[in-house]
Each structure stands twice: as structure tokens, then as C-alpha cells.
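Chemist: Sequence and predicted structure are below.
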Amino acid sequence: MNGRERILAQLNGGTADRLPAMPITMQYAANFMGASYRDYAFDHRVLVEAQIRTAERFNIDHVSCISDPAREAADCGAAIEVFEDQPPAFIEENALLAEKKTLAALRLPDPLAGERMLDRVRAVALFKERVGNEKLIEGWVEGPCAQGADLRGINNLMLDFYEDPGFVRDLFQFILEMETRFAKAQIDAGADLIGIGDAAASLAGPQIYSQWIQPVEDSTFDCVPREGYGVVLDLGTTTIVAQLIDLKTGRVKGVRSGFNAQGRHGADIMSRIEFGLSLEGREKLTSLVRTQVGVMVEDLIRSVSVSRIGGDRDDPTARECFEIREVVLVGNSVMHHLFCGLPVESLSEYPFVLLDGGIKCFEMAELGWGFSGEMMSGPRVRFLPCIAGFVGSDLVAGILATGLCQMEHPCALVDPGTNGEMVVGNRERIVCASTAAGPAFEGARISMGMQAVTGAISRVSVANGELSCHVLGGAEARGLCGSGLVDAVAVGLDLGWIQSNGRMMDAAVQLQESVFLHQCDVRELQLAKGAIGAGLRILAREWGTPVEGLDPIWLAGRVADPDDAWCVPRGVGVSPWRWVAAFFSCPRPKGARQNSSNRCFHWLVWKKYLTSKHHVG
């Protein structure tokens, strides 16, 4: 195992033959080679040679482009003082932004045109050429506080936090865009990962750090554009959704969804577990879901490939026009275990302990996906880690998509799927739980239920004393999706067709010519609503706030028309709900974060959030 393989194995949750060695050598490397630090910092050829020699001599697993904090600021026009045997430095009295008004006229430097930023990009490219298959290549950018101090002066910046926070906000936004561009240029040149240096942040107190600095540090790599595509999948108990993501723009290029093929062996979590307790049953469930996911991924890639170049969907050459870099899956703990082929006995009884909830990595061929050899270079398939018990990686995805983990005020996220998962918290503390909600919110186990696709009634209202139903796709109504069910029950309550205890006055209510709401449908919704409502109130109490104090409460899931907010307080009895496209569940609504789906590919960031949660068992 070479250095690059060793580090990647560790980062991917695999097993390394030893702990990777990744020290910052900088001046030691220059001295070891016999070069001046001036040459090391200003000539990428010297830096590369010194790093490689030091790494080979001391069995270091990576090579790094870090040299000094003055590259970006120098290309912005800042004056720096150069020394023969120490890193370049800034003279605070001559800071580029000594006058704050200068920021408005400051132009973002081009990392491929400026002298010092380009020198680092060239270092990455030379590393790639010389040791790219043997050592992991680390690029480098400055964090917001460090770069702000370089441009403004450290003392001025510390005062600005108190005296002119608006200026700090504008300055950090400038820095964020500059560093993102610089990081992308290094990634394009061959960097395997990017380090962020922000030592100046240690001078700020915890309140300033959490309010101003940490959010920018966390968002620096929300979406670093890069070439290629990725596939993300949400394995729900009832529904599976896949999206193809353009990693350069973060845009969704294609969506596929369908009911989980395992459902024939149990509609709810516990029934699924019961079937999977035997070896034969577990292997059947694993085979079903792996095959279904493989077909969805292949169909996504084929359709988008053909749309790019035209031609026959079944022509293998049509699938070679772009590269799939990553395939990432999330799901609840049972779906995680069943997809990964793990026993589910420990989840069948109290205290519902995970056998192995960590990251799992697979080769495509290992999953039986026969198209991998002809279509792409074979990216690894990763199933991301679960939190605990019945709280899986899909909830972690939602936490990051909403930014709940950065909120100051307590808020909540609810995924009202069959295994209804929810979280309450903010940047200080997070508590989570799951409830047996059943599949009603996903349109399953409803007499005329269906997914939120063409033909589904997604909204029901009363206009001029008559029922008005919105049908997705403008087609003839074929059934009800989750939001349509909630609206139908709410309208029934308003019109007196349904009593407050859920009993219907008649055997059925006709919504459209061939679509009816039945008593059993109302009961299914009551069960789901009761489970979600109880779970949310328990979590709020555990956190120490009333439910009314949670704002916002985000709702995730493919339950409704993604272009419209789902207004559910009448039917569910908990407000204020807000719609959120939590990554994978549906095409994102207008105004949602452009790059939220792309975050799933930066899964290493998730690990720090897994350490701050508390699972309510």
C-alpha cells in the first residue's frame, strides 16, 4: 500500500496498513534540500523537489503545496515583505484594505493568471506528473480570518467584528469566492484534497468564531466545482430516488424513482426485518435492492448520455461521453444493512443497536452491476454512515442540506417516510429519533395512493363550494400522492365530511371521476401523523423547547409537487412546516440552494456532525 492509497483508505473508512503520515514540513523541507525559503516559496519547482525528497526520505504519505499565506493577497495587489529564510510577511500599516472603501473596487484575482497563485497551481500539476500515483497531493487555501487579516490587517479585522460587521460580511464573501476559485484550479490541476489554513481565527473568541468565521469555513467547500458527474441515491423503505448530478454546476441532470422492490416482503421496517432474519431472506432483500439500484443508475446514465450526443439508448458508445466520478447512497439503518449485506438481528429488538453503521465501499462489479466495465472507469460506490438505531445517513444529508447544524435558533427537520426520522437542534446541540410512521406520506398503503408523479392528485382545495384537485402533469387523475392525501383529509374536515376523530360520514369521498378517499386512508394518515407528531414533541421536550419554539420546521421527502410549498398545518396539526428538497428526495424547489445535492460528495465533512448528536432511544 503506497502513501496515496493509505490516506484514501483511511478517509474512505477502510483499513490502512498503518496510520498515514501527513506532517507539514515547509521550512524543514527547504532546509533538507539545501534551498533558501525564498526559493521554496516563490519557485514551484524548488517546492516540489523539496517535498518529494523529504517525503521519500522519511516515508511521508503525502506532498503539500503549503508554503506561506501571501499568495492570494499578493495577487490581489497587497504589498509583502520577502525574506531569505522565512515565509513572506505583511506590514499591517500598509494593508491593502487599510481603507475599507477599497474593497468595493477590488477585483477577484484569476488563479491561472496571477503570479503567486499560478505558481501553486503549477506545483500541483508537477506533483501530479511526478508522484501522482504514489503520494496524495494536498493543495492549500487560506481561511476567511487568515485571509481577512492579510488584506485588512489583523488588528483592524478584530475591531471590525464589533464596529463594522457589515464590512466583515462583504470581506468574507469576497474571500469565499476567491478561495473557491483557487481551490478549483488546484483540483483541476490534480490535487486530491485541499487544506484550509486559518490560524488567525484562534485570536477570536468563541462567539465571534461561531457567528462569523465558522460558517464561512464550513461553506468553503459546499460545492467546489469539478469535472464529471456523480450519482446520489436515497434508499427509502418505500421509495428509492436517484439523481445524476453535474459536479461542475451542482445541477440535477436526471431523476429516477420507484417503489422499493423489497416492499413485496414487508411494507414497513419491522416486517422487512422479520423477512431478513433468515440468511435466505436477507440475501434475497440484498439482491433485490442492489439490482434495482443498478438498473436505476444505468438508466440515468444512458438517458443523459444520449441526450448529450444523440443516438441509440442501447448503443454502449453513447455512454462513454462523460465520466461518473462517484456514486453515493444514503438511507435508514435497515436499508444500509440490507444493501451492504449485513445481518439485521440487532435491529429487530431493543435496544436496536447497529451491527456496523459505518461507511461501506464497494466496487461496481462487486454489486453485480454489469454495465460498469463498458460505461465508466468504475467509481467506487459508497453507502454513507448511519447515526444510531433507526436513524440513518439520509437524516445526516438533510441536516447538511438545510444548514440546521449552523442555526442559532432551535429548529427541526422531519423526514416523514415509513421510518419517520426527525431531528431537533441548532449549532450547539442536536437530538434525533425515528418513529414507525408507515408509508402514508409516500402514497403507499393508501387505497388509491401513488408517488408524486404524473397523474397524482397533489393538491385539493375548495373553490366556489366545489372540490378542486390539482393533478401533476395535467393528466387524468390516477390516484393520490402524500400531499394530496393530507389536503383531501383537511378539506374533508373543513366541509364536515370527516369528523374530528377521523371517522368519515360516508363510506368514501369522490375526489375525481375515478379517484376516491376511503376510511382506511384516513386511518393510515392518522397513524402517520400521530407517530410524527409524538416524535417531534418528545424531541422538543428532550432539547428543552416547546414545539411552538421550533422555527423553521423543515419537511423532506418526495411527497408533493416540488415546485410548490406543501401547506399541511390543517391536516397534520403541527406548524410551521416548510418544504425543503433534502438532496435526493425530489427536484429542488425554486429558490433552494443550487449546490445542495453536490454536498453529498463531500461526505468527509459529515463526520464532525456525527459526534455532536444525541439519539433519543
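Modeler: Cool, the structure landed.

Chemist: is it true that residue 55 lies in a strand?
Modeler: No - per DSSP: H, G, I helix; E, B strand; the rest coil, residue 55 lies outside any strand segment and is helix.

Chemist: Would you check that it makes contact with residue 137?
Modeler: No - applying CB atoms under 8 Å as the test, residue 55 and residue 137 come out as separate, 10.9 Å apart. From N, CA and C alone the C-beta is placed, and that goes for glycine too.

Chemist: intersection of neighbour lists for the two?
Modeler: 62-63, 131 (CB atoms under 8 Å, 6 or more residues apart in numbering).

Chemist: Filter these down to just the ones in helices.
Modeler: residue 131 (DSSP state H).

Chemist: So among the shared contacts of residue 55 and residue 137, which ones count as buried?
Modeler: Buried subset of the shared contacts of residue 55 and residue 137 (neighbour count, 16 or more other CB atoms under 10 Å): 62-63, 131.

Chemist: Can you tell me which of those is nearest residue 202?
Modeler: residue 62 (24.1 Å; CB to CB).

Chemist: what residues are up against the closest one?
Modeler: 3-4, 7, 20-22, 55, 135-138.

Chemist: make it 10 Å
Modeler: 3-4, 6-7, 20-23, 25, 51, 55, 127, 131, 135-138, 192-193, 195 (CB atoms under 10 Å, 6 or more residues apart in numbering).

Chemist: Name the single longest helix found in the chain.
Modeler: The chain, longest helix under DSSP H: helix 279-309.

Chemist: which strands and helices sit next to that one?
Modeler: strand 229-235, strand 239-246, strand 252-259, helix 269-275, strand 324-331, helix 333-340, helix 372-375, strand 381-383 (3 or more CB pairs under 10 Å, 6 or more residues apart in numbering; DSSP states H and E).

Chemist: So residue 164 is in contact with residue 100, correct?
Modeler: Yes - using CB atoms under 10 Å, residue 164 is in contact with residue 100, at 7.0 Å.

Chemist: Give me the common contacts of the two.
Modeler: 156, 170-171.

Chemist: which among those residues end up buried?
Modeler: Applying 16+ other CB under 10 Å to those flags 156, 171 as buried.

Chemist: what angle separates the longest helix of the chain from strand 239-246?
Modeler: Orientation of helix 279-309 against strand 239-246 (axes from the mean of the first three to the mean of the last three CA atoms, to 10 degrees) gives an angle of 40 degrees.

Chemist: Between strand 324-331 and helix 279-309, find me the angle.
Modeler: Using the same axes, to 10 degrees, helix 279-309 lies at 140 degrees relative to strand 324-331.

Chemist: circling back to that earlier point, dump the shared contacts of residue 55 and residue 137 to TSV, plus pLDDT and distance to residue 31.
Modeler: Shown next, in TSV, are these (pLDDT from 0 to 100; distance: CB to CB, whole Å):
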residue	pLDDT	distance to residue 31
62	97	19
63	98	17
131	96	21
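
Chemist: what about residue 423, which helix or strand?
Modeler: Using DSSP states H and E, residue 423 falls within strand 419-425.

Chemist: Give the partner strands of the next helix or strand along the chain from that strand in its sheet and their orientations.
Modeler: Once the chain leaves strand 419-425, the next helix or strand it forms, by DSSP H and E, is strand 430-436. Here strand 430-436 has these sheet partners by DSSP bridges: strand 419-425 (antiparallel), strand 613-615 (parallel).

Chemist: Could you pull out the buried residues of the longest one?
Modeler: Read that as strand 419-425. Residues of strand 419-425 classed as buried by neighbour count (16+ other CB under 10 Å): 419-425.

Chemist: Output it in PDB with nothing but the alpha carbons.
Modeler: Taking C-alpha atoms only, strand 419-425 is exported to PDB below (Å, rounded to 0.1, in the frame of the first residue of the first chain):
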ATOM      1  CA  ASN A 419     -39.300   5.100   9.100                       C
ATOM      2  CA  GLY A 420     -40.100   8.700  10.100                       C
ATOM      3  CA  GLU A 421     -36.800  10.200  11.100                       C
ATOM      4  CA  MET A 422     -36.500  13.700  12.700                       C
ATOM      5  CA  VAL A 423     -34.000  15.900  14.300                       C
ATOM      6  CA  VAL A 424     -34.300  19.000  16.600                       C
ATOM      7  CA  GLY A 425     -31.300  21.300  17.400                       C
END
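
Chemist: Quick one: distance of it to the chain centre.
Modeler: Chain-centre distance of strand 419-425: 17 Å, with CA atoms, centre = their mean, to the nearest Å.

Chemist: Let me know the average pLDDT across that strand.
Modeler: Per-region confidence: strand 419-425 scores 87 on mean pLDDT.

Chemist: Check the shortest one too.
Modeler: Mean pLDDT, strand 613-615: 49.

Chemist: returning to what we had before: go through the helices and strands packed on helix 279-309 and find the least confident stretch.
Modeler: Among these, helix 372-375 scores lowest, at a mean of 50.

Chemist: Nearest to residue 218 among the shared contacts of residue 164 and residue 100?
Modeler: residue 171 (17.3 Å).

Chemist: Now do the same contact list for the closest one.
Modeler: 97, 100, 103, 106, 144, 147-148, 151-152, 157, 160, 164.

Chemist: burial of residue 551, as a residue count?
Modeler: 13 (other CB atoms under 10 Å).

Chemist: Also residue 80?
Modeler: For residue 80, using other CB under 10 Å, the count is 18.

Chemist: Quick one: residues contacting it.
Modeler: So residue 80 contacts 68-71, 73-74, 87-91, 94, 116, 150 (CB under 10 Å, 6+ apart).

Chemist: now with 7 Å?
Modeler: Going by CB atoms under 7 Å, 6 or more residues apart in numbering, residue 80 touches 70, 74, 88-90.

Chemist: swap in residue 330?
Modeler: 234, 384, 392-394, 397, 584.

Chemist: about what we covered before: quick one, which of residue 55 and residue 137 is more surrounded?
Modeler: Neighbour totals were compared for residue 55 and residue 137, and residue 137 leads with 26 against 23 (other CB under 10 Å).

Chemist: The more buried one reaches residue 189, doesn't it?
Modeler: No - counting by CB atoms under 7 Å, residue 137 sits too far from residue 189 to count as a contact (8.9 Å).

Chemist: Which neighbours do the two have in common?
Modeler: 124, 128.

Chemist: Return the member of the buried residues of strand 419-425 nearest to residue 203.
Modeler: Nearest member of the buried residues of strand 419-425 to residue 203, counting by CB to CB, is residue 425, at 28.4 Å.

Chemist: Show me what the closest one is bridged to.
Modeler: Assigned bridge partners for residue 425, using DSSP bridges, are residue 411, residue 430.

Chemist: so who does it touch?
Modeler: 404, 410, 431, 543.

Chemist: Including distance to residue 489, could the buried residues of strand 419-425 go into a markdown table?
Modeler: Below are these laid out as a markdown table (distance: CB to CB, whole Å):
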| residue | distance to residue 489 |
| --- | --- |
| 419 | 22 |
| 420 | 17 |
| 421 | 23 |
| 422 | 21 |
| 423 | 26 |
| 424 | 26 |
| 425 | 30 |
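
Chemist: okay, now the residue nearest to residue 392 when sequence neighbours are not counted: neighbour count?
Modeler: Excluding its sequence neighbours, the residue lying closest to residue 392 (CB to CB, 6 or more residues apart in numbering) is residue 332, at 3.8 Å. Here the number of neighbours of residue 332 (other CB under 10 Å) works out to 29.

Chemist: what do you get for residue 132?
Modeler: Residue 132 has 17 nearby residues by other CB under 10 Å.

Chemist: ok, which stretches of the stretch 101-250 of the chain are strands?
Modeler: 136-142, 193-197, 229-235, 239-246 (DSSP state E, counting those that start in this stretch).
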